[in-house]
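fold the following.
(one chain, ligands or ions: 1)
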Amino acid sequence: MVELPVERLCRTNTIRFCSTKSTEFKVNGLTERQHLEKPSTGSSKDEPGRCFADTVLRDVIEGAPLIVDKDGTVAKCNIRLVLNLSSERLGYATQKPEGLLTLLLKGASAAGDLVADFFCGSDTTMAVAEKLGRRWIGCDLERWAIHTTRKRLLGIESCQTFEVLNLDKYECQYWQGVTFGDSRDKPLTERALYEYLAFVLKLYGAAPVLGLEHLHGRKGKALVHIGAVDAPVTISQIGVAIKECAQLKQDELHVLGWEWEMGLYYLMVEEARKKGVKLLLLQILREVMEQQAAAKADVRFFEPAYLEA
Ligand SMILES: C[S@@+](CC[C@H](N)C(=O)[O-])C[C@H]1O[C@@H](n2cnc3c(N)ncnc32)[C@H](O)[C@@H]1O
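Residues are numbered from 1 along each chain as shown. Now for the predicted structure:
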């Protein structure tokens, strides 16, 4: 690790730790606009006639410096804490102000550079990177953070298209391939798919049922549908399972899934109720993939957390 010459970024002692992996790094000196009461050496006048001087950025523990870009554009960077009443506030205790990230990204990158935040939380880094024309990668292990991030980015006018990738999905596919398939690279055979369903049914304490189109098992008086590992359970998928359940004059359906289509929960519970079927949605947790837990049948299924759109 090489320590960055922070003094080239701004005249500050507030950045305690700033390092780089290689000796190739970017430090753009930042310029701040200071309005003056009267003209002084090197000062100029802006359009409304106010005196100003553009100087090296000062110590910015708190405040809202006016940052001057190379093309002369002036923008206020508010780096004050994101308090409860702030319009930026998204409920993250350690949410950073956009102004702070603006300073950091302007000081350490140029348009088109790639910025990464592997603990992105409420998405401040990527939102600012997007607004400043940087490319970005963001990661977080919390589903709510990904949801907040997606929503915040979509709220940015002319936001570039982006993709949300779920690493869990690849991990699950890998697990399914090596556990039930012949190879992780080949598509699953019908037998391997059956073994996958039988495995999850057994963990759930259900028995396989044969010959039905969308229903895979039975637990007590409930019929059971199991979602695929590599795709979210969709509204239409649950719809056909409810229909088949109703046709069989069965009044309880349990759907077990790894991922869920957005907005499905209340919609499907209501849809099932109208058809006289009590619907229970249950999350397949990653412990299923852990041999020890599965061997001890120490795997529980919970109702998935409902995310407000
Ligand atoms: C303090 S928050 C970041 C807040 C962010 N600076 C902002 O402005 O919103 C830290 C985030 O790191 C995530 N996190 C913690 N451990 C992680 C891990 N091992 N991998 C990925 N994300 C992780 C948490 O879910 C949380 O959302």
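
next, the residue of the chain found nearest the ligand: secondary structure please.
Closest contact between the chain and the ligand, by Cβ to the nearest ligand atom, is at Gly121 (2.5 Å). Every residue, glycine included, has its C-beta placed from N, CA and C. With DSSP: H, G, I helix; E, B strand; the rest coil as the basis, Gly121 sits in coil.

just checking, it touches Gln95?
Yes - if you go by Cβ atoms under 8 Å, Gly121 and Gln95 touch, sitting 6.7 Å apart.

and those two? Which one has more around it.
Taking other Cβ atoms under 10 Å, Gly121 and Gln95 do not tie; Gly121 has more neighbours (21 against 18).

ramachandran coordinates for the nearest residue to that one once chain neighbours are set aside?
Leaving out its chain neighbours, the residue that sits closest to Gly121 by Cβ to Cβ, 6 or more residues apart in numbering is Tyr92, at 4.9 Å. Note on Tyr92: its backbone torsions stand at phi -90, psi 120 [degrees, to the nearest 10].

now swap in Asp69 and tell me
For Asp69, the backbone dihedrals (degrees, to the nearest 10) come out as phi -80, psi 170.

tell me, how many residues neighbour it?
12.

what does Met289 give?
18.

that one contacts Trp175, doesn't it?
Yes - with contact defined as Cβ under 8 Å, Met289 reaches Trp175; the gap is 4.5 Å.

quick check: which ranges of this protein have low pLDDT?
When residues are selected by pLDDT under 70, those of the chain lie in 1-18, 61, 168-169, 182-187, 291-294, 296-298, 305-309.

for the most centrally placed residue in it, give its distance to Ala127.
Closest residue to the average C-alpha location of the chain: Ile146 at 1.7 Å, with Cα atoms, centre = their mean. Distance, Ile146 to Ala127, using Cβ to Cβ, to the nearest Å: 14 Å.

where does Val255 land in three-state SS?
What three-state DSSP gives for Val255 is strand.

shouldn't it be in contact with His225?
Yes - look at Val255 against His225 with Cβ under 8 Å: they come within range, at 4.8 Å.

which residues do those two both contact?
238, 241 (Cβ atoms under 8 Å, 6 or more residues apart in numbering).

still on that earlier bit, torsion angles phi and psi at the residue of the chain closest to the ligand?
Phi and psi for Gly121, reported as degrees, to the nearest 10, are phi 60, psi -120.

same question, Arg286
Here is the backbone geometry of Arg286 (degrees, to the nearest 10): phi -60, psi -20.

would Glu32 count as being in a helix?
No - checked against three-state DSSP, Glu32 lies outside a helix; its state is strand.

surely it touches Asp59?
No - using Cβ under 8 Å, Glu32 is not in contact with Asp59, being 10.6 Å away.

comparing these two, which shows the higher neighbour count?
Between Glu32 and Asp59, counted using other Cβ under 10 Å, Glu32 has the larger neighbour count: 20 against 13.

from Leu197, how far out is Leu153?
37 Å.

should've said Ser43
Using Cβ to Cβ, one gets 76 Å for the distance from Ser43 to Leu197.
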